[in-house]
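Just need the structure, nothing else, for what follows:
(one chain, ligands or ions: 1)
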Amino acid sequence: MKLYLFPAGRAVGVLALKDHLALDCEVQLLDFRRGDQLTPQYLALNPNKKMPTLEDDGFVLWESNAILFYLAAKHPEKGLWPSDLKGQADVLRWLAWESAHWDAESCGMVSYEKASKAVLGLGPPDPAFIARGEQNFARFAAVLDDALASKTWLIGEQLTIADFSVGGVVPSAEAMGLPIGDYPEITRWYKRLSALSGWPRASV
Ligand SMILES: N[C@@H](CCC(=O)N[C@@H](CS)C(=O)NCC(=O)O)C(=O)O
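Here you go, the predicted model:
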């Protein structure tokens, strides 16, 4: 098994899960400044020119949440993908929310403007997009904070890939100056999550 990534953004949750499950998985580090995402070899794996990407015995998978599901479902004994219908639906709800709102409309929008554009040589940040991302962050962080109140993990007492997905974005959100610390339940939950074995500590 092989992961192609750089240790930031959407790759943090995937790396954390790989290490939490102690998987035997090679990591090939990508350098987007050098254009590793544009080589014919990489484009054949991931035509989106994005990371992370997983390769397992000829099977290629992109989209970090699909990768989280694949790794967790290969190890059902760890319980990170629930076995009951309501638990599965609850996890899917958070994976969809992460992709559509937490990443694309808020944390990811701000980090694309503040960090990725410089790496990709796409010009200066656009203040209008940053402002929109910050506004959306306030909206969605409040939803997450409320959902976490009186719970150990996102769907309740069971740690699942929903925690790896949503929590994986937190380090880059903090690095981009988004006020995670203003949300006590998120702060409490992320402290617990980042103390798990395998959580990548040096990532941004
Ligand atoms: N929905 C995708 C998002 C992937 C994504 O946007 N990755 C960023 C790094 S965090 C990237 O590769 N950006 C390069 C670009 O947008 O061109 C996922 O979850 O895998």
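
make it CA atoms for all contacts and neighbour counts henceforth
OK.

Flag every residue of this protein that's near the ligand.
On the criterion C-alpha under 6 Å from any ligand atom, the ligand has as its neighbours in the chain the residues 9-10, 49-52, 63-65, 99.

Recalculate using a threshold of 8 Å.
Residues of the chain found near the ligand, taking C-alpha under 8 Å from any ligand atom as the criterion, are 6, 8-11, 32, 48-53, 62-65, 99, 103-104, 108, 112, 116, 120.

Just the ones of the residues you listed in helices?
Secondary structure defined by DSSP state H assigns 11, 64-65, 108, 120 of the residues of the chain next to the ligand to helices.

Quick one: mean pLDDT for the top helix by length along the chain?
As far as residue count goes, and with DSSP H defining each element, the longest helix of the chain is helix 127-148. Computed over helix 127-148, the mean pLDDT rounds to 98.

just the CA coordinates of that helix, formatted as PDB?
Included here for helix 127-148 are C-alpha records, laid out as PDB according to Å, rounded to 0.1, in the frame of the first residue of the first chain:
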ATOM      1  CA  PRO A 127      -9.300  39.100   0.500                       C
ATOM      2  CA  ALA A 128     -12.900  38.600  -0.600                       C
ATOM      3  CA  PHE A 129     -12.500  34.800  -0.500                       C
ATOM      4  CA  ILE A 130     -10.700  35.000   2.800                       C
ATOM      5  CA  ALA A 131     -13.500  37.000   4.300                       C
ATOM      6  CA  ARG A 132     -16.100  34.600   2.900                       C
ATOM      7  CA  GLY A 133     -14.100  31.600   4.300                       C
ATOM      8  CA  GLU A 134     -13.800  33.300   7.700                       C
ATOM      9  CA  GLN A 135     -17.600  34.000   7.800                       C
ATOM     10  CA  ASN A 136     -18.300  30.400   6.900                       C
ATOM     11  CA  PHE A 137     -15.900  29.200   9.500                       C
ATOM     12  CA  ALA A 138     -17.800  31.100  12.200                       C
ATOM     13  CA  ARG A 139     -21.100  29.500  10.900                       C
ATOM     14  CA  PHE A 140     -19.800  25.900  10.700                       C
ATOM     15  CA  ALA A 141     -17.500  25.900  13.800                       C
ATOM     16  CA  ALA A 142     -20.600  26.800  15.800                       C
ATOM     17  CA  VAL A 143     -22.400  23.800  14.400                       C
ATOM     18  CA  LEU A 144     -19.400  21.500  15.200                       C
ATOM     19  CA  ASP A 145     -19.000  23.000  18.700                       C
ATOM     20  CA  ASP A 146     -22.700  22.400  19.500                       C
ATOM     21  CA  ALA A 147     -22.600  18.800  18.100                       C
ATOM     22  CA  LEU A 148     -19.600  18.000  20.300                       C
END
